[in-house]
Structure formats: structure tokens, C-alpha cells
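Any chance you can model this:
(one chain, ligands or ions: 1)
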Amino acid sequence: MSDSQNMSDEVRARLRAIPSVNELLAEWPVVKAAGETCDAVVHSAVTAELDEERAAIRAGAAPRSKRELASAIEWRAHRSALPSLRPAVNATGVVIHTNLGRAPLAESAAKAVAEVARGYSTLEYSVDTCSRGSRKEHAAQLIRSLTGAEDALVVNNNAAAVLLVLATHAAGKEVIVSRGELVEIGGSFRIPDVMEASGAKLIEVGATNRTHLGDYERAITPETAMILKVHPSNYRIEGFHEEVSSRELAALAHKHGLLFYEDQGSGALLPDDILVRGGEETTPASVAAGLDIVSCSGDKLLGAAQAGIIMGRRNLVQACGSHPLMRALRPGKLALAALEAT
Ligand SMILES: *Cc1c(COP(=O)(O)O)cnc(C)c1O
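Reported below is the predicted structural model:
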């Protein structure tokens, strides 16, 4: 009892001895920090450091000197004056790292962004007709040429593309998807949740490791609008595994008057070993195979700005562009400048 009494007397004495706010504000490192940042930043740094000091002393720590507190405050002030979004070094080995800002832009793309960032631009102005233009045209022509798609539409990111395609073409209807493809893409963000948010009803078929054509066919009802295939971007099912190819699914969908939509995630413009070994197709090949709608991430596909790209039959893509959600999902001038330049 007397021990703990002594302890708290000592703690009380230590708490009383903590320098005051005014004393700390007069210390040189703190004065200097105020000059380099601003008074408000330094004041909150002093308060935060003092709160931390009191808590540490109550927990039994030795008190810090006035000088130590002052330099801790200086450091804290400088840290809090830094932008929270700033360059970082990616040493993870993952090239397109979601936590580290995904794709670094090419120099020419960064330059294009800086150019439209500084001033006005032709975002919704047509130089040809000297009148109002459409922001949907930027990059769309290039994507059409690169992929052979009849039409292309750019939105904020691929999650937005999935949301918009389903909201436009399957809201209130059923969409059939394999249980092996219900992807979580990090940050506890699940593609099925995005799909549900579109108003479409997901009909899951097959088992996690195997889904057959018959599974899809049996799930078709008068309420079905679409068959969906989602690329399992960040995992692979090996061993006793079977999935149905996009071509077979597209044929099945068309036989029943349904749409077929493939969410490719990364997509690919050119074939490489990994793609060929995985039995996958490039985005242009998918488009050429007559898939109604294909979408992918602009930054995963091209290393461009974060963007979602919807490609496919003209009337289907244009319907997406006219959906009211498009206003909420459309990209800004910086993303479009980076995408087009890339
Ligand atoms: C990455 C990914 C998404 C989401 O794309 P974002 O551009 O991150 O929104 C959707 N579907 C698949 C299959 C993906 O790989």
C-alpha cells in the first residue's frame, strides 16, 4: 500500500514538472518549426506530445527533458505538415501494388497530366466543331484501334466498370457466375458485393474448383440477363479444376438470347508465355471472339492512370455511357490525360 502511495506521489511530482505549453513554444526547435510550418500545426504538435508524455509518465516512464520534448515536437510538426499522399519506394516485388499507388506513369503520361492540370483543356469541347464535345471520346478511339472493339468507354476504375455494366444490363435480373470466380481484390473488397450493389441478382453455379457448362445452362431462367466470367486475378486454382471457356459461355449465352460479359481484371494487349500457358486470351482476341462486353483496369492493362475500360458491342457500351450512374463514375481530366498519353 505504502509502495503504491509512494509511486503515485512520484508520478504526481513528475507530471507537475512537465514543461508548460508556453515554455515549450519558446524552445528554439519549436520556434523554428513554427516558422517552417505554421502556428496551428505547432500548437497541435505540442498538445499531442504533451498528451503522450503524460500518458508515458503515468505508465511509469522516466520524464523527458525540455530539450527532448522540443525536438520531438519539431519532428512531429514536420511530419504532420507533410502531405499524407507522397512518393514511396516500392520494394515489395509486386509491380502494380494497390497499396503503393498501382502503376507508375510513363514520363510522357506524367507530362500530359501536368499540362492539362495547370490550365483549361478540351475535356468537353470539340475543336473540330467548335462546340461542346464529349469526354467519352478521349482515349476511346485509341482503345478501339488497339483492341478492335466496336466501342469503348472509360470510367474511374474497373470496379466502376463492373458496377456500370451490371447496373445497365442486368439490374433487377439474374446474372450467372461460377463459384470459382467470386473474387476478393484486396482491402476486403469483394467483386460480388460490387455486383450486388448494381441491383443485379447473382446466381452462383458450380463448385469452388469445378464448374461445367451444364451448371450454367441449368441456372438459366426467364429472369436471366447475363452470364458473367470473372478473371481470378490474384489466385489460381490448381489440381482438380475445371472452368468453362469464354467462347463456350458466349455461345451458350447467345443461344439463349443472353449477354456474355467478361471481367478480365488485368487484360492483356499482347500474348506472352504466361498467358499462353494459362490458356488465356488477349483482350483483342476476346473482343474478336464476339464477347458482348469485356472490361479491364486501365492501369493493370497499360500501366496508365487508374481507370476502368469497358469494351464491346457499340449499342451495349453506349447504353453504359448513357446510364445515370455514368455521371458518378466518369473519370476526370487527369486520368484521361494519363490514359490517352500512355
Ligand atoms: C483488379 C480487378 C478489379 C478491380 O479493378 P480496379 O481497377 O482495382 O477497380 C475487378 N475485377 C478483377 C477481376 C480484377 O482483377
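
Next one: the closest residue to Ile220 other than its chain neighbours relative to Leu249, how far apart?
Nearest residue to Ile220 in three dimensions, chain neighbours excluded: His256, at 5.4 Å (CB to CB, 6 or more residues apart in numbering). C-beta: built from backbone N, CA, C; applies to glycine. From His256 across to Leu249, the span is 11 Å (CB to CB, to the nearest Å).

the more surrounded of these two?
Each of His256 and Leu249 has its neighbours counted (other CB atoms under 10 Å); Leu249 has more, 23 against 11.

burial measure for whichever residue of the stretch 151-300 of the chain sits closest to the ligand, as a count.
The minimum distance from the stretch 151-300 of the chain to the ligand, using CB to the nearest ligand atom, falls at Gly265 (2.5 Å). Neighbours of Gly265 under the rule other CB under 10 Å: 19.

what pairs with it across the strands?
Cys296 (DSSP bridges).

Could you pull up the contacting residues of Asn157?
Asn157 makes contact with Ser297, Gly298, Gln306, Ala307, Gly308 under the criterion CB atoms under 8 Å, 6 or more residues apart in numbering.

tell me the pLDDT at the third one?
This means Gln306. pLDDT recorded at Gln306 is 93.

That one contacts Gly298, doesn't it?
Yes. With contact defined as CB atoms under 8 Å, Gln306 reaches Gly298; the gap is 6.8 Å.

Which one of those two is surrounded by more residues?
Counted by other CB under 10 Å, Gln306 and Gly298 do not tie: Gly298 has more neighbours, with 30 against 20.

phi, psi of the more buried one?
Per-residue torsions, Gly298: phi -60, psi -40 (degrees, to the nearest 10).

Please tell me how far it sits from Lys255.
In this view, Gly298 and Lys255 are 33 Å apart by CB to CB.

ditto for Thr129
Distance, Thr129 to Lys255, by CB to CB: 43 Å.

can you check Gln306 too?
Separation of Gln306 from Lys255 (CB to CB): 37 Å.

can you list the residues of the chain near the ligand?
Residues of the chain lying close to the ligand by CB under 6 Å from any ligand atom are 157-159, 162, 183, 185, 191, 230-231, 233, 263, 265, 297, 308.

Make a markdown table from those residues and add distance to Glu204 and secondary structure to it.
Shown next, in a markdown table, are the residues of the chain next to the ligand (distance: CB to CB, whole Å; DSSP: H, G, I helix; E, B strand; the rest coil):
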| residue | distance to Glu204 | secondary structure |
| --- | --- | --- |
| Asn157 | 24 | coil |
| Asn158 | 21 | helix |
| Ala159 | 19 | helix |
| Val162 | 16 | helix |
| Val183 | 13 | coil |
| Ile185 | 18 | coil |
| Ile191 | 12 | helix |
| Val230 | 11 | strand |
| His231 | 17 | coil |
| Ser233 | 19 | coil |
| Asp263 | 15 | strand |
| Gly265 | 19 | strand |
| Ser297 | 24 | strand |
| Gly308 | 23 | strand |
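
Tell me which of those has the lowest pLDDT.
Ile185 (67).

quick one on the thing from earlier: buried only: go through the residues of the chain next to the ligand for me.
Burial by neighbour count, judged by 16 or more other CB atoms under 10 Å, picks out 157-159, 162, 183, 185, 191, 230-231, 233, 263, 265, 297, 308 from the residues of the chain next to the ligand.
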